[in-house]
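A.B. asks: Sequence and predicted structure, then a few things I'm wondering about:
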Amino acid sequence: MATEISLPNLIPEDEDQLRFHNKGYLGGDGSATERVRRNFLACAFWSAAVRSDQGGLATVRFPAPDSLTRYRIVVVAHADRHQFGVGQAAFEVSKPLVLSPALPRFANVTDTLLARAVVQNQTSQSGEVLVSLELDDKARSPGAETNLLARRIAITPQGAATCEFPVQFTAAGRASWVWKARFVESETNSFTDAMATAMEIGYVTPRLRQVIVDHAENGANLLQKADPALLDGTGQITVQVANTRLLEVAESVNKLLHYPYGCVEQTSSSLLPWLATANSPIILPPPAHDSGSASPATDRAIRSGISRLFSMQTDSGGLAYWPGQSEPMPWASAYGALVLAIARKQNAPVPEPDFQRLVSYLSQQLRETNRVALDADFSCLTLYALAMAGCPEPGYHEKCFNLRASLSAENRALLALAVQESGGPEAMASDLLTSGNAASTPFQEFGGPARERAIQLLAWVRFQPRGSKIGTLVSDLLQERIEGQWSTTQGNAWALLALTEYARQVEGQPAPAQGELRYGGVPVSFHLDDTHRVFVHSFTLSNSTDGARLSLASNNQTLFTTVTVESRPAVPPPRRAGRGFTIHREYQELSDQDEFLAAGELHVGDRVLVSLQINVSDKAHYVVVDDPLPAVLEIVNPNFKTQQVSAGARQALASQRDFDYWPGDFQEARPDRMLFFANAVEPGTYQLRYLARVRVAGQVTAPPAKVEEMYHPDRFALGEPGTIKAAGSVAR
């Protein structure tokens, strides 16, 4: 028997993910000392193993979190075999003096904000409260000589007062600040409060990044192919050295793990790195690095990916393309099933009943009239997924094989993989891979040359790992790379599967190696063996005379290297031009009377209508519109009762006059951006709108909006950045 709680799926308990929309983040504990409050939990305590005594009484003890809130106690009791009961109670955590910072969820370098805190006096005494804010190296207060800011405020009994500090952000990273408040010059009132806050600081435009993947001999300069403009800027160089070709997919792994969107295809692809490298985790991020077995981080990532995939399962058993949709997408269901089958083979926690429902859905889809003949992309992928799931369909292997003259090289390879996985006739797999005259590859919404070559390589490695064809396929696949990766999730995912299998079956056990890196006059030694199969080191970019040389000395052995240069050049590069799209953004204030006003005189609490105008020149598939928020704004969700939207505002949001209808399939409001997705968009001019509210005062930069075809990223457009200025709240 297993017990689970769904709350972590709603509110993250990972300390790195806590944000101000987490209810418990804004409160305090019952401490009367100046202990800094850091432990903010939405769920104060959870246990599935509490046993009562003979009288039915049970006692549990736990430390109260640092959250000032009301907690509900829910108890579900189980006795004998079929007796259950439930009870509820509540408790509150409070303290006499409470400090509640009101900060944005994020900011960017050069933004200037008013960092505000609300002080609540829950005593019957009045007085002065000293409020202090200790900044870190990510920010400064204009005109202040130190990073410790302080101000006195008067407060009434049972009253509240606010305190503000002007703050300018000067460096990117995670800003960690400490707020404190205490009564001053009081003989009878010594109450205090202290609280730690954290927020992410980024850049309006991302740092330029170049990835150089190469084979290096003794004496090689690893920066020979680096962009001189990046080397003249400010940033860092990260070097990875390995004695295995697996390092060549490290950048693909990075792209898969950090892809920003979450449809079923991208969720499946992001799960693959944790599975494909189970026996060789050297290309995974720490702490999985150099680990021979799954780390807790790996286990959490796999469980999270599997859970998200099944959250998109429909009543039919198939997987929808986006969360919340009720209709399954056959191709995405087959791809998701393949990844889940790989996870299942590695004893990952794949829920068997749900998985079997997915398998049944795919088997049923194969049996639809003419499905195999009309949709070879779906059928061949499905047959491979079913074979990996241990439910092969040999009759349909034969049926597809008889249609092989109409199959592309990619689909022939997928069918060969299904035949090999299920122990089918070797002659059938051989014919599929070696006979010529494959049909030309039609346009595929998710496909491309990289995916086709990767699937062929995977099939050949399984068929003839020592065959002469292998070297050609590896070379062709590696030539498809751009900046160390294959541009799309499908290209990166299949290349990862193929090259990890190639490393396992063809490369064998790499020999130990040792050597030295030298940059800016600084030598760094490394040693590679069975325990440490990759070496990683970062250098700060140097503008010295030898700042363009990063030398590698080794014991005359060819090594695999990946050099990542991240820099902000001294001279900003020209803005990239769009291809296939244009995008324009406008901010307007929506008054209390639902009138449109210029967004020049904004105040905290004002409503802002954000309008995006997108022009599409040619038909596009799987399009994303990504609009980053300026730090002073937060999105208003019109579906929440606590964020009531007037009829006039709803009408403004729905207005499409003079614009084509946007065929939206999914949209997502995140703390730092608004996302719109469409599976297919015809040529035309579209308008998208959403409502935001001014959260804090300050002057900030709005990063550029972007529109992109996700599986053809060469089709994109960037908008212009903008400036937003907001003052404190005004009387209404």
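C.D. replies: Received, thanks.
A.B. asks: Which helix or strand in this structure has the lowest average pLDDT?
C.D. replies: helix 7-10 (a mean of 46; mean pLDDT, DSSP states H and E).
A.B. asks: And the next helix or strand past that one?
C.D. replies: With elements assigned by DSSP states H and E, the helix or strand that comes after helix 7-10 is strand 36-37.
A.B. asks: residue ranges with poor pLDDT in the stretch 501-650 of the chain?
C.D. replies: Within the stretch 501-650 of the chain, the stretches with pLDDT under 70 are 545, 556, 570-577, 638-650.
A.B. asks: And the strands in it?
C.D. replies: 513-519, 522-528, 534-540, 550-554, 559-568, 581-590, 596-598, 602-603, 607-616, 620-628, 633-635 (DSSP state E, counting those that start in this stretch).
A.B. asks: Indicate which one of these is closest to S307.
C.D. replies: S307 sits nearest to strand 620-628 of all those, at 23.2 Å, using Cβ to Cβ. Yep, even glycine has a C-beta here, placed from its N, CA and C like the rest.
A.B. asks: partners of that closest one in the sheet?
C.D. replies: strand 673-681 (antiparallel), strand 706-709 (antiparallel) (DSSP bridges).
A.B. asks: Mean neighbour count and distance to C400 for the strands of the stretch 501-650 of the chain - can I get that in JSON lines?
C.D. replies: As requested, these are exported to JSON lines (neighbours: other Cβ atoms under 10 Å; distance: least, Cβ to Cβ, whole Å):
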{"stretch": "strand 513-519", "mean neighbour count": "18", "distance to C400": "45"}
{"stretch": "strand 522-528", "mean neighbour count": "14", "distance to C400": "44"}
{"stretch": "strand 534-540", "mean neighbour count": "17", "distance to C400": "40"}
{"stretch": "strand 550-554", "mean neighbour count": "20", "distance to C400": "48"}
{"stretch": "strand 559-568", "mean neighbour count": "21", "distance to C400": "38"}
{"stretch": "strand 581-590", "mean neighbour count": "19", "distance to C400": "38"}
{"stretch": "strand 596-598", "mean neighbour count": "12", "distance to C400": "58"}
{"stretch": "strand 602-603", "mean neighbour count": "18", "distance to C400": "61"}
{"stretch": "strand 607-616", "mean neighbour count": "21", "distance to C400": "36"}
{"stretch": "strand 620-628", "mean neighbour count": "22", "distance to C400": "25"}
{"stretch": "strand 633-635", "mean neighbour count": "21", "distance to C400": "47"}
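A.B. asks: Just the helices from the stretch 351-500 of the chain, written as ranges.
C.D. replies: For the stretch 351-500 of the chain, helices defined by DSSP state H, counting those that start in this stretch occupy the ranges 352-366, 371-374, 376-388, 394-401, 409-421, 426-434, 449-463, 469-479, 489-502.
A.B. asks: Turn those into a markdown table, including mean neighbour count and distance to V623.
C.D. replies: Shown next, in a markdown table, are these (neighbours: other Cβ under 10 Å; distance: least, Cβ to Cβ, whole Å):
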| stretch | mean neighbour count | distance to V623 |
| --- | --- | --- |
| helix 352-366 | 17 | 26 |
| helix 371-374 | 15 | 26 |
| helix 376-388 | 26 | 21 |
| helix 394-401 | 18 | 32 |
| helix 409-421 | 26 | 24 |
| helix 426-434 | 18 | 35 |
| helix 449-463 | 24 | 20 |
| helix 469-479 | 16 | 27 |
| helix 489-502 | 25 | 15 |
